[in-house]
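Undergrad: missing the sequence, but the structure's below:
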Ligand code: SF4
């Protein structure tokens, strides 16, 4: 796979990468490895429900990190805090203010961990998904890093120069679990409503894997 050589901002040599799931982080991880960048995975996603879906996404990400010899930092699954912060936003649409809260929360914890453990650069795999608003994600990332004077949020566009296609290729090669909704219970509800309106079946958790069909649609 042809990729440009990457380098971290401001000459830094170590990255804390927030990962939302294996399909999104697969291409990001392989691009970082190909450029010889030293990085660790930070998995903090208390938005994902139910727990069966959370464990499917997390365990697969752990396996892929082990395969690459990359440190995997497994942070709390503090769902109570997530629901507390989401209160009043239950009916907000995807890409709206509930999602800003959700990115803020995940990146705040990433930035805190980075500060406490000597990382000077953070980034996230979230922006590679075409379902996401990259500007919204980048705003949240910069806001999370801002309280720490030496910390930088790296807003590299992982989709460009074939990154989005390689994400699908890698997911198929690895036969990753293919999530069918963004992650929270509200996105599960809304996706099921949409499917019902189209006469389609409800989402079945733990069933769909890349490479099992020709549909390269990923939700994350
Ligand atoms: S739709 Fe996705 S990004 Fe938005 S609040 Fe739910 S899990 Fe978070």
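TA: Now that the structure is in, tell me what you want to look at. Keep in mind it's a predicted model, so treat the numbers as computed, not measured.
Undergrad: Could you confirm whether stretch 22-31 reaches the ligand?
TA: No. Stretch 22-31 lies out of reach of the ligand by CB under 6 Å from any ligand atom, never closer than 12.1 Å. C-betas here are computed from N, CA, C, even on glycine.
Undergrad: contact partners of that stretch?
TA: Here stretch 22-31 makes contact (CB atoms under 8 Å, 6 or more residues apart in numbering) with 1, 3, 6, 17, 19, 39, 41, 57, 60-61, 63-65, 68, 70, 123, 125-126, 128-129, 158, 163-164, 166-167, 170-171, 174, 176-179, 210, 218, 220.
Undergrad: Narrow those residues to those that are buried.
TA: Using 16 or more other CB atoms under 10 Å as the burial test, those include 6, 17, 19, 39, 41, 57, 60-61, 64-65, 70, 123, 125-126, 128-129, 158, 163-164, 166-167, 170-171, 174, 176-179, 210, 218, 220 as buried.
Undergrad: Narrow those residues to those in strands?
TA: 17, 39, 41, 123 (DSSP state E).
Undergrad: Okay, strands next: where are they in the protein?
TA: Counting by DSSP E, the chain has strands at residues 14-18, 38-43, 72-74, 121-124, 152-153.
Undergrad: helices and strands around the last one, which ones?
TA: The one in question is strand 152-153. strand 121-124, helix 134-145 (3 or more CB pairs under 8 Å, 6 or more residues apart in numbering; DSSP states H and E).
Undergrad: isn't residue 156 right up against residue 6?
TA: Yes. Between residue 156 and residue 6 there is a contact under CB atoms under 8 Å: 7.1 Å.
Undergrad: about what we covered before: filter the contacts of stretch 22-31 down to the ones close to the ligand.
TA: Within those, nothing lies near the ligand by CB under 6 Å from any ligand atom.
Undergrad: what does this protein put close to the ligand?
TA: 47, 94, 98, 99, 102, 182, 183, 184, 186, 187.
Undergrad: Neighbour-wise, which one of these leads?
TA: Among these, residue 47 has the most neighbours (other CB atoms under 10 Å), with 26 neighbours.
Undergrad: which residues sit in contact with residue 14?
TA: Contacts of residue 14 by CB under 8 Å, 6+ apart are 8, 38, 39, 118, 119, 120, 121.
Undergrad: what's across from it in the sheet?
TA: Residues in a beta bridge with residue 14, per DSSP bridges, are residue 38.
Undergrad: How much space separates it from the ligand?
TA: 27 Å (CB to the nearest ligand atom, to the nearest Å).
Undergrad: Next: residue 70.
TA: With CB to the nearest ligand atom as the criterion, residue 70 and the ligand are 24 Å apart.
Undergrad: again, but for residue 208
TA: For residue 208, the distance to the ligand - CB to the nearest ligand atom - is 18 Å.
Undergrad: Now do the phi/psi pair for the nearest residue to that residue once chain neighbours are set aside.
TA: Take residue 208 and drop its neighbours on the chain: the residue closest to it by CB to CB, 6 or more residues apart in numbering is residue 178, 4.3 Å away. Dihedral angles of residue 178 (phi, psi; degrees, to the nearest 10) stand at phi -110, psi 100.
Undergrad: distance of residue 178 from the ligand?
TA: From residue 178 to the ligand the distance is 16 Å (CB to the nearest ligand atom).
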